[in-house]
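[1] sequence and predicted structure, then a few things I'm wondering about:
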Amino acid sequence: MSKRVYSISINGKVGLNLHDLNNEKSEGNQLTTRNVTITDKAGNLATVNAVSGDMLKHIQASHLFKIAKDKEDLSLCQGCEKFDANRITIDDDFDEFTGDSDNTKSDIVDKMLNMCSMDDMEGILVTNNKKNVGRDSTVEFGWLVAIPEEFNSENLFHVKYSDREKSEGSGKNEGQNIFYRPVNSGQYAVVNNLEVARIGYNDISKEYPLDSDSIEARYKALLKSIMLTYYSPEGAMRNTQAPHMTSFEGVVSVSYSSVPAPTISALNSNYKEEIKSISETLTSIGEEVELKEFNSLAEFCNIIKELIEDTVPYGVKL
């Protein structure tokens, strides 16, 4: 019998080389990569390269959109059919439904859950007709953060080649221009949590308005989109600086009871041991948590495949 999954957490280190997936700003001919300042256990500060969780979430949502477009059992609203950032808020039928004063906030959430798999899993804030109904995402991404002393960032000189002797001074983007572009390489800590039990779940009524088949279909699509996010990371500058992914290692923790799956960032060098210790503690008090360690991207993809084949989300009735 398939096990029911309450939550999943992915914690690990990914090796990315010669990339520029996320930038902060552009000034003149200088593009500035995104950096953040972090602290270690001793409180020492370090400024490191990073990719925002917003970028990772957008990549994952893009993959989920493509999966849903190919699956008849994954409903999409008018906005998500076009991958519009406004999502269900621009759906005419949904807008009319929110305008009916007889419909409560719980009714609006039920309607949203039935109409759109993406809004269910990715989250949405509904403000139609002066309403204020929030749907938290079931997917959480932390920053993809370079591990101090395990990364390097530099700016490289580039020239837009022109065989003309000189620019004609028209002000157009013509002639031979110089510019500087950042390039980053290193080991990056990744934190990714999936609130599987909330797929198809109305947080207001505390009920599942969807049938088990619909919830399971969404769960499998979500897992597939997570797998694609890691082996096919999109982002800035991929046309000429697609990242060289050289390694991926970590732990997938899976909770089969109503506790969050353990998560510790790989910024902590002992993250695997701490996750294991937490899992053993949870098991000793009657909870059921399983750890799946991986040392390559191929092993990670196989873990996701096994979860798709052998487990179901918490909302499925067995």
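    Arrived safely.
[2] now do the strands in the stretch 1-150 of the chain.
    Using DSSP state E, counting those that start in this stretch, the strands of the stretch 1-150 of the chain run over residues 3-5, 7-19, 23-27, 30-33, 35-39, 45-51, 124-126, 133-135, 139-141, 144-160.
[3] looking at those strands, which is nearest to Ile264?
    Distance to Ile264, taken as Cβ to Cβ, is lowest for strand 7-19 among the strands of the stretch 1-150 of the chain, at 6.0 Å. (Glycine included, C-beta is placed from N, CA and C.)
[4] and that closest one, what's buried?
    For strand 7-19, burial by neighbour count (16 or more other Cβ atoms under 10 Å) applies to 7-16, 19.
[5] what is that strand packed up against?
    strand 177-194, strand 244-255 (3 or more Cβ pairs under 8 Å, 6 or more residues apart in numbering; DSSP states H and E).
[6] what is the mean pLDDT for the last one?
    Here strand 244-255 scores 95 as its mean pLDDT.
[7] got the angle for it vs strand 7-19?
    170 degrees (axes from the mean of the first three to the mean of the last three Cα atoms, to 10 degrees).
[8] next one: the helix or strand following strand 244-255 to chain centre, how far?
    Next in sequence after strand 244-255, counting helices and strands by DSSP states H and E, comes helix 271-284. A distance of 24 Å separates the centroid of the chain from that of helix 271-284, by Cα atoms, centre = their mean, to the nearest Å.
[9] now helix 271-284: buried residues?
    271-272, 275-276, 278-279, 282.
[10] name the residues that touch that helix?
    Taking contacts as Cβ atoms under 8 Å, 6 or more residues apart in numbering, the residues outside helix 271-284 that touch it are 11, 250-251, 253, 259, 262-265, 268, 289-291, 293.
[11] now the stretch 1-150 of the chain, which segments are flagged as low pLDDT?
    Where the stretch 1-150 of the chain drops to pLDDT under 70, the residues are 22, 24-31.
[12] what's the spacing between the closest residue to Val109 other than its chain neighbours and Tyr208?
    Nearest non-adjacent residue to Val109, counting by Cβ to Cβ, 6 or more residues apart in numbering: Asn202, 4.9 Å away. Distance of Asn202 to Tyr208, computed by Cβ to Cβ, to the nearest Å: 7 Å.
[13] repeat for Leu76
    Distance from Leu76 to Tyr208, by Cβ to Cβ: 20 Å.
[14] one more: Leu307?
    Following Cβ to Cβ, the distance that separates Leu307 from Tyr208 is 20 Å.
[15] ditto for Asp54
    Taking Cβ to Cβ as the measure, Asp54 falls 29 Å from Tyr208.
[16] now Pro148
    Counting by Cβ to Cβ - Pro148 and Tyr208 are separated by 44 Å.
[17] how about Asn49?
    Taken as Cβ to Cβ, the span from Asn49 to Tyr208 is 41 Å.
[18] same check, this time on Ile59
    Ile59 is 28 Å from Tyr208, by Cβ to Cβ.
[19] can you check Asp20 too?
    43 Å.
[20] out of the contacts of helix 271-284, which is nearest to Thr104?
    Nearest to Thr104 among those is Val259, at 30.6 Å by Cβ to Cβ.
[21] quick check: that closest one touching Ala197?
    No. When contacts are counted by Cβ atoms under 8 Å, Val259 is not listed as touching Ala197 (10.5 Å).
[22] between the two, which one's more packed in?
    Ranked by neighbour count (other Cβ atoms under 10 Å), Val259 and Ala197 place Ala197 first, with 19 against 15.
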